[in-house]
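Chemist: What follows is a protein structure lacking sequence information:
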Ligand code: 5AD
């Protein structure tokens, strides 16, 4: 039964709501769940072999003008100790990362007025000229198309902007009124048009999320056709309005990872920090569900504990070098290894 659904996922057929409803329901069954995961794993192995790409994550600022109800660095969280890295420190992080073998740097941060368009442009240019062989990924939120263009011209290659939820009503339950799904989608289409490799995604088990919402997320992803897809469980943060909501489930996340991998064999899919935080085996379980990217933290140790989107975030005190060593060891346990290449999206694999 499930095999027919897998065949449809693998075909060019346009996905429908009914199909996805049936698939998700079938996948609740333990045997089907394992078949899905095995298929996803084999798919990733056939495209990427047993290699996992690494991205050096640099959390450049935790100032944010937004007030998303789920996020620990929302502007109303007065307990968050705010910081902003200087361009010099960001370059130091890259230098350390480069030495450890990283060939992608991800600059992630809140939507920070002070870390403005010009400053980011300067940082991109500096990284681009110092590390011409590295990919630069940005993850700093919604900006006008002109700004995205400037950053692309300055040398940025990729952009991560999760859509968070593809349902308007649900979007408004997760975000204040000044944020809306249409703007979010417009940003994503602008980024694609500009030639960025684009990543989107959503939280699994976010408050008020229904199965229908998840189906809408999958349909949106099918329409956008991103090169990267990031999903991870929602995890509560004590200083947010969602502090009392339950975390998303490991099984549901693994199920969705598997479906995404089967549908999009060549797409880059991280096994996220949130997944590792939810479950100590989460990272490897993600890889065994078809994920092929991990994003170790290159941020300076003294700011790590300040970039808290959710509670109990892992690896707060672990040096990047140590992190790489333990990743290698962990991956070896399941027969995988780190790839030290740039790991661009390639339609020709
Ligand atoms: N739990 C899990 N993921 C979160 N994010 C933000 N807050 C949380 C949370 N409490 C995710 C969002 C955002 C990404 C950077 O982190 O999906 O896009």
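Modeler: Happy to help now that I have it. Remember, it's a predicted structure, so these values are computed and weren't measured experimentally.

Chemist: Which helix or strand contains the spatially closest residue to residue 235 that is not a sequence neighbour?
Modeler: The spatially closest residue to residue 235, leaving aside those adjacent along the chain, is residue 310, at 3.6 Å (CB to CB, 6 or more residues apart in numbering). Any C-beta I mention is one placed from the backbone N, CA and C, and that applies to glycine too. Assigned by DSSP states H and E, residue 310 falls within no helix or strand.

Chemist: how much space is there between residue 310 and the ligand?
Modeler: Taking CB to the nearest ligand atom, to the nearest Å as the measure, residue 310 falls 4 Å from the ligand.

Chemist: what's around that residue, how many residues?
Modeler: 23 (other CB atoms under 10 Å).

Chemist: which residues touch it?
Modeler: 70, 72, 234-237, 274, 277 (CB atoms under 8 Å, 6 or more residues apart in numbering).

Chemist: so which of those residues also contact the ligand?
Modeler: With CB under 6 Å from any ligand atom as the criterion, the contacts of residue 310 include 70, 234-235, 237, 274 near the ligand.

Chemist: Just the ones in strands from those, please.
Modeler: Judged by DSSP state E, those include no members of strands.

Chemist: List just the nearest of those to residue 137.
Modeler: residue 274 (17.7 Å; CB to CB).

Chemist: Pull up the residues of the stretch 201-349 of the chain that are close to the ligand.
Modeler: So far as CB under 6 Å from any ligand atom goes, the stretch 201-349 of the chain lies against the ligand at 203, 232, 234-235, 237, 274, 309-310.

Chemist: okay, the residues you listed in a markdown table with distance to residue 154 and pLDDT next?
Modeler: Compiled in a markdown table, these are given as follows (distance: CB to CB, whole Å; pLDDT from 0 to 100):
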| residue | distance to residue 154 | pLDDT |
| --- | --- | --- |
| 203 | 30 | 98 |
| 232 | 29 | 98 |
| 234 | 34 | 98 |
| 235 | 34 | 98 |
| 237 | 33 | 98 |
| 274 | 30 | 98 |
| 309 | 27 | 97 |
| 310 | 31 | 97 |
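
Chemist: May I ask which of those residues has the most neighbours?
Modeler: residue 232 (27 neighbours).

Chemist: show me what contacts that one?
Modeler: Residue 232 neighbours (CB under 8 Å, 6+ apart): 201, 203-204, 248, 253, 272-275, 278.
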